[in-house]
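Chemist: need a structure here:
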Amino acid sequence: MDRINKTSMSKNTQQDCQMEMDNTSMRVPLAILYALFFLFGLAGNLLALWVFLRVHPKKNSVRIFLINLALADLLLVICLPFRVVYHSNHNRWVLSPLLCRIVGNIFYMNMYISIVLLGFISVDRYLKFQRASCRRVFLQSRWSALLCCVIWTVSLAAVTPLIVQTPENGELQKCFQYKKLQNSKWKAYFNFAVVGIFWVVYGALVISYGRIGMKLLTASRNKPDFPNAAKYNKTAWKSFFVLFLFTICFVPYHSVRIFYIMSQMEKDGISCDRKKVLDKTNEVVLLLFALNSCLDPVMYFLLCSSIRKVMLKIICNCFSKQITRGLINSSETPQDQPKVSVVELNTVT
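Modeler: Residues are numbered from 1 along each chain as shown. Sure thing, here's the model as predicted:
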């Protein structure tokens with residue numbers, strides 16, 4: 001009887017704590033921000049894919065990585081409306097539990113595909129900068145395409161068990177909530193492994209873009225009269241900017257994620273106050289995590305000079321057409337306007 005009473009009291013305590021977490025004031029800001037991320041991310045990545053596939057179909061390793069990166073970001077932003085509906089509905093999930101697992105796992109799968117692809121892009125740019133001979137063999141377009149296929153295949157194989165397996169003691173009306181992993185420690189170890197992959201990729205980015213930026217800055221400062229000094233300086237700051245975006249979007253989440261997973265594995269559980277702090281902190285850094293899907297198109301513009309030229313040409317053509325139309329309309333006089341005969345007026349009426 002004592003065990004039953006303790007179990008029922010524990011369940012009531014968990015329910016009360018969950019109700020306090022559900023009544024948070026973060027629901028409305030989360031819904032608004034995820035909606036904005038969806039709109040900007042969808043428009044930016046669709047435009048990027050259109051430029052990559054239709055306007056500028058030149059094949060090289062970076063372009064193949066960027067196409068897959070835009071595709072991963074596009075699949076990620078498609079998951080965001082489900083989060084908007086969930087937070088708008090007082091953190092209540094009204095759809096199928098299977099769809100909840102699909103949306104949640106596809107969201108993270110595509111985000112980590114983006115992270116890995118960004119790592120390969122940084123290595124590709126570093127090898128190109130160093131003019132390394134291995135780049136000609138390993139990072140040709142066919143090898144980069146094969147590498148992308150491997151990344152997608154491994155990611156789908158890793159996420160499928162998480163989707164198929166029914167969670168223990170899962171709440172039907174909950175989806176993106178704090179979960180204990182006491183009885184599923186393999187999930188916690190899997191999450192730790194994914195976090196480890198991130199830090200490896202982050203180290204590769206810091207080394208690659210850091211060395212590229214420092215060498216270019218040093219070259220531009222040592223030889224300020226050199227014709228390409230200004231170009232070197234600009235390229236260096238672009239490299240630092242890409243590294244800055246990656247740090248802002250991903251480092252806070254993966255720093256918090258370590259403590260978040262550790263709390264999920266604790267046998268005795270954690271206090272409600274600590275759970276609320278972890279949950280709110282996780283939601284804030286997850287916003288930065290998702291923001292990357294909107295910022296990647298900015299990176300495309302910075303990384304690829306050919307893509308930048310195409311985008312600028314499209315923008316200039318659009319503005320020139322608008323200006324031309326305005327000049328034509330303003331230059332027309334009343335005598336230049338087309339005359340309508342009485343017969344035509346009668347026909348219209």
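
Chemist: Tell me who's in contact with the residue nearest the centre of the chain.
Modeler: Closest to where the C-alpha atoms of the chain average out (CA atoms, centre = their mean) is residue 293, at 2.8 Å. Applying CB atoms under 8 Å, 6 or more residues apart in numbering to residue 293 gives the contacts 37, 41, 45, 73, 76, 77, 111, 114. Heads up, the C-betas are built off the backbone N, CA and C, glycines and all.

Chemist: Does residue 35 touch residue 84 like I think?
Modeler: Yes. With contacts counted by CB atoms under 8 Å, residue 35 reaches residue 84, the gap being 4.9 Å.

Chemist: Off-centre distance for stretch 210-225?
Modeler: With CA atoms, centre = their mean, to the nearest Å as the basis, stretch 210-225 stands 31 Å off its chain's centre.

Chemist: So what touches it?
Modeler: Outside of stretch 210-225, the residues within contact range by CB under 8 Å, 6+ apart are 125-126, 129, 226, 229-230, 232-233, 235-237, 239-240, 243.

Chemist: Which of the residues you listed are buried? Put it as a ChimeraX command.
Modeler: In ChimeraX syntax, the buried subset of these is picked out as below (16 or more other CB atoms under 10 Å):
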select :125,126,129,229,232,233,235,236,239,240,243
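
Chemist: Tell me the one among the contacts of stretch 210-225 nearest to residue 104.
Modeler: The closest of the contacts of stretch 210-225 to residue 104 turns out to be residue 243 (CB to CB; 28.8 Å).

Chemist: distance of the residue nearest to the closest one when sequence neighbours are not counted from residue 73?
Modeler: Using CB to CB, 6 or more residues apart in numbering and skipping residues adjacent in sequence, the residue nearest residue 243 is residue 209, 4.4 Å away. From residue 209 over to residue 73 the distance is 20 Å, taken as CB to CB, to the nearest Å.

Chemist: Ok, residue 287 next?
Modeler: As judged by CB to CB, residue 287 and residue 73 stand 15 Å apart.

Chemist: can you check residue 280 too?
Modeler: Counting by CB to CB, the gap from residue 280 to residue 73 is 26 Å.

Chemist: of the two, who's got more company?
Modeler: In this view residue 280 and residue 73 are compared by other CB atoms under 10 Å, and residue 73 has more residues nearby, 28 against 13.

Chemist: Excluding chain neighbours, what is closest to the more buried one?
Modeler: In space, and not counting its chain neighbours, residue 73 is closest to residue 293: 4.2 Å by CB to CB, 6+ apart.

Chemist: same deal with residue 237?
Modeler: Excluding the flanking residues, the one nearest residue 237 by CB to CB, 6+ apart is residue 213, at 7.3 Å.

Chemist: Burial check on that neighbour, number of neighbours?
Modeler: If you count neighbours by other CB under 10 Å, residue 213 ends up with 21.

Chemist: Tell me, what's the model's pLDDT at it?
Modeler: Looking at residue 213, its pLDDT reads 82.

Chemist: and if you look at residue 160?
Modeler: In this prediction, residue 160 carries a pLDDT score of 91.

Chemist: what about it, how many neighbours?
Modeler: Neighbour count of residue 160, defined by other CB under 10 Å: 12.

Chemist: Specify the local secondary structure of it.
Modeler: helix (DSSP: H, G, I helix; E, B strand; the rest coil).

Chemist: repeat for residue 180
Modeler: The three-state assignment at residue 180 reads coil, by three-state DSSP.

Chemist: any idea which element the closest residue to it other than its chain neighbours lies in?
Modeler: In this structure, residue 180 finds its nearest non-sequential neighbour in residue 264, 5.7 Å apart by CB to CB, 6+ apart. Residue 264 is part of helix 229-265 when elements are defined by DSSP states H and E.

Chemist: List the buried residues in that helix.
Modeler: Residues of helix 229-265 classed as buried: 229, 232-233, 235-236, 238-240, 242-243, 245-246, 249-250, 252-254, 256-257, 260-261, 263-265 (neighbour count, 16+ other CB under 10 Å).

Chemist: one step back: what distance do you get for the residue nearest to the centre of the chain to residue 162?
Modeler: Taken as CB to CB, the span from residue 293 to residue 162 is 21 Å.

Chemist: Test for you: state the pLDDT assigned to residue 307.
Modeler: You'll see residue 307 listed with a pLDDT of 66.

Chemist: that older thread, following the helix holding residue 264, which helix or strand comes up?
Modeler: helix 272-303.

Chemist: For that next one, which residues meet the burial criterion?
Modeler: For helix 272-303, burial by neighbour count (16+ other CB under 10 Å) applies to 275-276, 278-279, 282-287, 289-297, 299-303.

Chemist: and residue 147, which of the three is it?
Modeler: When classified by three-state DSSP, residue 147 comes out as helix.

Chemist: How many neighbouring residues does the residue nearest to it when sequence neighbours are not counted have?
Modeler: Leaving aside its sequence neighbours, residue 147 sits nearest to residue 120 (CB to CB, 6+ apart; 6.9 Å). Around residue 120 there are 22 other residues, counting by other CB under 10 Å.

Chemist: From residue 204, how far out is residue 120?
Modeler: Residue 120 is 9 Å from residue 204, where distance means CB to CB.

Chemist: And residue 267, by the same measure?
Modeler: With distances taken as CB to CB, residue 267 is found 36 Å from residue 204.
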